[in-house]
Every structure is written in structure tokens, then in C-alpha cells.
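K.L.:
Sequence plus the predicted model coming up.
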Amino acid sequence: DAKTTQPTSMDCAEGRAANLPCNHSTISGNEYVYWYRQIHSQGPQYIIHGLKNNETNEMASLIITEDRKSSTLILPHATLRDTAVYYCIVRALSGAGSYQLTFGKGTKLSVIP
Amino acid sequence: NAGVTQTPKFQVLKTGQSMTLQCAQDMNHEYMSWYRQDPGMGLRLIHYSVGAGITDQGEVPNGYNVSRSTTEDFPLRLLSAAPSQTSVYFCASSPGSSGANVLTFGAGSRLTVL
């Protein structure tokens, strides 16, 4: 069963913020939200993760709703190099959900010049 | 640090042949795992290991064997390759199996079985 739901594809104009949503309505209290991206057929690249609070790093910001049932990945100034498939996954702190990770099909983000 | 290294990058096999995909990490990570990715699909977990000497099955383990004799290495063996195993394979590792640990992926191994 899919733990997360993401739109199949999105477009974003170069230089604008890209906001990628993810629904994880069945998330439990000990599950982290992780975002990865995959450019062409390269290995997935870690972007950011969070548990309850919003997080920001040099690549992106992660906004998690208060009920933790959804989150949004924000790329503040999208460039052509951000064109990729973005995966939102949940990973439990411990137990089977911590090592049996499920990747869905992700969101194909196309940054338009 | 090299991170997660996968070899070979490309391989063509005939049906029934055997081979081993190598995965090595130099970060002293306890957790290692293998995924396969088919066209237009997300990644599916094949096998994983939470430490040396410990392995377990993921979502799609049939046709694959693994072992973990050292912390650094986690090879994936195809005993009798089938065309259905044509895919891109990714190895990943993290410091531990806890969800607080970031998973680092290798560059992938593209396998074609004729």
C-alpha cells in the first residue's frame, strides 16, 4: 500500500518557486517525511527530511502541516537543473517501517525556461 | 570519501547466466539495501541488511540472493538471470536503520537480460 500520494507531474517557470505537495494521511507519530529527487536515471539524491517542524537547508524548505497529514517541498528559485522526479517517502523511527522503504512513482517536475 | 560505489555500471547477460552486482560503502554504515527500478516506476526494495551477518527480504526478493559478510560490502547475486530482471539496480546505505538516518544511494547498475 502506498504511504504517500503525489501529483504525477508539475511545471514551474525558471526562477520561480516550485511547490511540490505530498499527502501522507496515514502517517504515524514516529515517521519522518523524506524527500529525494532523481535526475534522469541517476541514483536518488537526498534533499531534506523532517518529523514535525518545518525544515530548511541549502537546497529546499519542507513545510509539514500541523496534523502531519501532508507536506510541501519548496524549491525557492527553480533552475533548469531542478528538472527531475521528486519522491516523498515516510520512514519510521524504528521497526519494519524504518528499513522497508516504499518509493512511489513520484512527481515529475519540469522547469520551463 | 567515495560514498556508495556500485559495479558494474552496465551489464548484458543471457538468460540463465549468473552474475553478482557489487555494492561497497566507505562510510561505516550499518544499514544497506538493494532496489530495482523499472521504466516509469518508482524504486522497489529487493533485500536489505541492518548489519554484518543480517539480511532480510524486501518487496521483490525472488530470483536474488544477498549476503553481508562485512560492514562495507553488500553484493546482490542473480543465480539464473531472466528477462524480467532487466532493470536498473540501486544500492543504498545509511548509518543505521533508524528513520532518523539519511539514505545515500549509489549511481546505479543497468542490467539487460537477453
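P.N.:
The structure has been received and is ready for your questions. Numbering: from 1, shown residues only, chains lettered A, B, ... in the order given.
K.L.:
Please name the bridge partners of A:Cys88.
P.N.:
According to DSSP bridges, the partner residues bridging A:Cys88 are A:Trp35.
K.L.:
Tell me the pLDDT of it.
P.N.:
The confidence metric pLDDT takes the value 96 at A:Cys88.
K.L.:
what about it, how many residues close to it?
P.N.:
Burial measure for A:Cys88: 27 neighbouring residues, criterion other CB atoms under 10 Å in any protein chain shown. In this view, the C-beta of every residue, glycine as well, is placed from N, C-alpha and C.
K.L.:
My read is that it contacts A:Glu31, right?
P.N.:
No - proximity of A:Cys88 to A:Glu31 does not meet the contact threshold set by CB atoms under 8 Å, at 11.9 Å.
K.L.:
Which residues are in contact with each of the two?
P.N.:
Counting by CB atoms under 8 Å, 6 or more residues apart in numbering or on different chains, the contacts common to A:Cys88 and A:Glu31 are A:His24.
K.L.:
Spatially nearest residue to A:Pro21, not counting backbone neighbours?
P.N.:
The shortest distance from A:Pro21 to any residue other than its chain neighbours is 5.3 Å, reached at A:Thr72 (CB to CB, 6 or more residues apart in numbering or on different chains).
K.L.:
residues in contact with the one you found?
P.N.:
A:Asn19, A:Leu20, A:Pro21, A:Cys22, A:Leu62, A:Ile63.
K.L.:
so how far does stretch A:67-81 reach from one end to the other?
P.N.:
The separation between the terminal residues of stretch A:67-81, taken as CA to CA, to the nearest Å, is 33 Å.
K.L.:
secondary structure class for the residue nearest to the spatial centre of chain B?
P.N.:
Centroid check for chain B by CA atoms, centre = their mean gives B:Trp34 as the closest residue, at 2.9 Å. When the structure is split into helix, strand and coil by DSSP: H, G, I helix; E, B strand; the rest coil, B:Trp34 lands in strand.
K.L.:
and it, what pLDDT?
P.N.:
Among the per-residue scores, B:Trp34 holds a pLDDT of 97.
K.L.:
if I look at the nearest residue to it once chain neighbours are set aside, how far off is chain A?
P.N.:
Here the nearest residue to B:Trp34 in space, its sequence neighbours aside, is B:Ile46; by CB to CB, 6+ apart that works out to 4.4 Å. Using CB to the nearest CB, to the nearest Å, one obtains 11 Å as the distance from B:Ile46 to chain A.
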